[in-house]
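Engineer: Compute the structure for the input listed below.
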Amino acid sequence: MTQRNLRILIADDSDTDRLILQAIIKRLGHQVIEAADGLEAVQKFRDECPDIVLLDALMPRMDGMEAARHIKALAGERLVPLIFLTSLSDAEDLARCLEAGGDDFLTKPYNRVIIEAKIKAFDRMRRMHDTLSSQHEQICERNRQLLEEQAIARRVFDNVAHTGCLDSPNIRYHASPLSVFNGDVLFASPRPAGGMLIFLGDFTGHGLPAAIGAMPVAEIFYGMARKGFSGADVLREINQKLKRILPTGMFCCGAMVEADFKLGQLRVWNGALPEAWIIRGEGESLLLPSRHLPLGILPPKQFECVMEVVQVRPGDRLLVMTDGVLEAANDRGELFGLPGIRQCLEHRQPHTHPFDAVLEAVRQFSDRADESDDLTLVGLDITDQPDLPAEPEQPSLSALAGPTEWRCEYEIRERTLGDFSPLPLLLHICLEVPGLRTRSGEIYTLLSELYNNALEHGVLQLPSEWKHSADGFGKYYSERQARLARVDGHYIRFSLHHTRKPGGGRLRVVCEDSGAGFDFSNHPLVSGRDDESRAPRYAGRGLLLLKRLSRSIKFRGKGNHVEIIYDWNFSAHQGDGDDR
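Structural biologist: Next up is the predicted model:
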């Protein structure tokens, strides 16, 4: 490497020594700055900023050691090699020179070869220091930019991924405060017809790469859950999105839980997360292992979103976790693992919640558990309370703003009946009326009961009595899948009509199916004999819900043509109550 010309300060009170040294350095191609004493050397250093300083140890007004201290202070973090010019030979005197900030010595009389070698060596050291300092500044600046970008990403993520219903009394969770940036994500949302969806994910990578994947997942999850899509539908959309946007080698291990407290049912999908645990009220445990690949790996046609159905009762608890729980390590490098979970659950106190038992066991096993950036644990209590608080809607300036006078017809036919649920689309159309948005749960329930009764009891002719026992429940859904393959020529048709009325509005929903119908004329809930205990079990709870939520319900034709009227009013909470 070609050595560039340096600016070298020579400070010596001997004119002769100074001239000799000056001549040698100039022949080496460097520029010389002269000073006759220590005070002048400090001033010249301040004014000229030389690259190397040659400083006599003994000078008037200010000796070399005092001058060295001032020069080092002026240099700050910049490396300026300081070489003492001395005839001293006493070890203590030389040590004081080094303590004052000196880096080396040149003994008198001067040797040109030694001087050249030392200047080159210290120049290499100086340039290396400058390079390292520059790289350090670049690293600091890059780190500052990354922190700023993460802060921005965090604000954006918080706007998309709100807490949903994670604060519900039957949910417990432990997650890093910055979980989106270590790869773990946790979402929960109430469903319009009751129950909830919970998604726990663990992205490969940390920092912004994890945030980039987490943001669309949060938007898809909350957007689709709010509209009534099933957990399987949400998983299908998440996988398709991640497969399209994530680079090869990056994916999301995840678990989706769809809880229906009315039916006492959990639907669970586990894609490469640790086993989920169901702890029965009597203490028995059931493990739900991973049966699928992570999200973002398989193309849409190969992706399987079939969810495992588990019957549960009030008092049962579900535990779902990321692999950070299993990989928590103690000071001997041992992992907590599945045996650690099994042991703490088997030996927990009777009144200790399984969530608390596992979390406390991990903390005792590894004192670093609280600081782990990828440990997420979720506990869900199965409750007999069917209704959960819905997500608050942003208030509209006027509940009558937007479309209030409209009519819509929608029909699905044949194989589409088994492949597609029209409920989210129909709900979305209804919620275009701002006044109906706070009633999304009731609207979804009405549409859902109409559609499910039309499909299962109208088109498929399934008797609801089968669902009144555990064996019958399995038979019911097995036969449902078989009959969905034989729906050629069948259809279900919806007609929606909304009109404005004083103080609110009216939604008329007509559902017609191609099934054989049923004899509704003697049904107590239809004939006016409002004795629910005498109601036949043909339609299960469907007619009861429809009657309670709507202003009126009418059957026409063979019983396969149902019309309900739903009135809403500003003064009512949800539905219309007594103001109809």
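
Engineer: so where do the strands sit in the stretch 151-300 of the chain?
Structural biologist: For the stretch 151-300 of the chain, applying DSSP state E, counting those that start in this stretch gives strands covering 171-174, 184-190, 196-203, 252-260, 265-271, 276-279, 285-288.

Engineer: As JSON lines, the ones you listed with distance to residue 331, mean neighbour count and mean pLDDT would be great.
Structural biologist: Using the backbone N, CA and C atoms, a C-beta is placed for each residue, glycine as well. Converted to JSON lines, the strands of the stretch 151-300 of the chain look like this (distance: least, Cβ to Cβ, whole Å; neighbours: other Cβ atoms under 10 Å; pLDDT from 0 to 100):
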{"stretch": "strand 171-174", "distance to residue 331": "22", "mean neighbour count": "20", "mean pLDDT": "94"}
{"stretch": "strand 184-190", "distance to residue 331": "24", "mean neighbour count": "24", "mean pLDDT": "90"}
{"stretch": "strand 196-203", "distance to residue 331": "25", "mean neighbour count": "27", "mean pLDDT": "93"}
{"stretch": "strand 252-260", "distance to residue 331": "27", "mean neighbour count": "25", "mean pLDDT": "95"}
{"stretch": "strand 265-271", "distance to residue 331": "31", "mean neighbour count": "22", "mean pLDDT": "95"}
{"stretch": "strand 276-279", "distance to residue 331": "27", "mean neighbour count": "22", "mean pLDDT": "96"}
{"stretch": "strand 285-288", "distance to residue 331": "29", "mean neighbour count": "16", "mean pLDDT": "93"}
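
Engineer: between the ones you listed, which gets nearest to residue 126?
Structural biologist: Comparison of these against residue 126 by Cβ to Cβ identifies strand 196-203 as nearest, at 45.3 Å.

Engineer: got the angle for that closest one vs strand 184-190?
Structural biologist: In terms of direction (axes from the mean of the first three to the mean of the last three Cα atoms, to 10 degrees), strand 196-203 departs from strand 184-190 by 170 degrees.

Engineer: Which strands border strand 196-203, and is each parallel or antiparallel?
Structural biologist: Strand 196-203 has the following strand partners under DSSP bridges: strand 184-190 (antiparallel), strand 252-260 (antiparallel).

Engineer: I'd like to know which of the strands of the stretch 151-300 of the chain is closest to residue 315.
Structural biologist: Closest approach to residue 315 among the strands of the stretch 151-300 of the chain is made by strand 276-279 (9.5 Å; Cβ to Cβ).

Engineer: I'd like to check what contacts that closest one. Which residues are they?
Structural biologist: With Cβ atoms under 8 Å, 6 or more residues apart in numbering as the test, strand 276-279 has contacts from 255, 257, 266, 268, 270, 285-288, 310, 312, 316-321, 341, 345, 354.

Engineer: just how off-centre is it within its chain?
Structural biologist: 23 Å (Cα atoms, centre = their mean, to the nearest Å).

Engineer: Turn the strands paired with strand 196-203 into TSV, columns for distance to residue 85.
Structural biologist: What follows is the strands paired with strand 196-203, written out as TSV (distance: least, Cβ to Cβ, whole Å):
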stretch	distance to residue 85
strand 184-190	63
strand 252-260	67
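
Engineer: who wins for proximity to residue 129 among the strands of the stretch 151-300 of the chain?
Structural biologist: With Cβ to Cβ as the measure, strand 196-203 is the member of the strands of the stretch 151-300 of the chain nearest residue 129 (40.2 Å).

Engineer: Taking their axis directions, that closest one and strand 265-271 sit at what angle?
Structural biologist: Calculated by the same axes, to 10 degrees, strand 196-203 forms an angle of 10 degrees with strand 265-271.

Engineer: Show the contacting residues for residue 260.
Structural biologist: For residue 260, the contact set (Cβ under 8 Å, 6+ apart) comprises 194, 195, 266, 267.

Engineer: go with 10 Å
Structural biologist: Contacts for residue 260 (Cβ atoms under 10 Å, 6 or more residues apart in numbering) come out as 191, 193, 194, 195, 196, 266, 267, 309, 312, 386.

Engineer: pretty sure residue 201 is touching residue 321, no?
Structural biologist: No: Residue 201 sits out of contact with residue 321 when judged by Cβ atoms under 10 Å, with a separation of 12.0 Å.

Engineer: Identify the contacts common to those two.
Structural biologist: 184, 255, 273, 376.

Engineer: can you tell me which two in those residues are farthest apart?
Structural biologist: Pairwise distances across the shared contacts of residue 201 and residue 321 (Cβ to Cβ) peak at 11.7 Å, for the pair 184 and 255.

Engineer: list residues touching both of these two?
Structural biologist: The contact sets of residue 184 and residue 255 overlap at 200, 201, 202, 321, 322 (Cβ under 10 Å, 6+ apart).

Engineer: any idea how far the third one lies from residue 175?
Structural biologist: I take that to be residue 202. Distance of residue 202 to residue 175, given as Cβ to Cβ, to the nearest Å: 11 Å.

Engineer: residues contacting residue 95?
Structural biologist: Residue 95 sits next to residue 102 when contact means Cβ under 10 Å, 6+ apart.

Engineer: Give me the phi and psi for it.
Structural biologist: The phi/psi pair for residue 95 (degrees, to the nearest 10) reads phi -70, psi -40.
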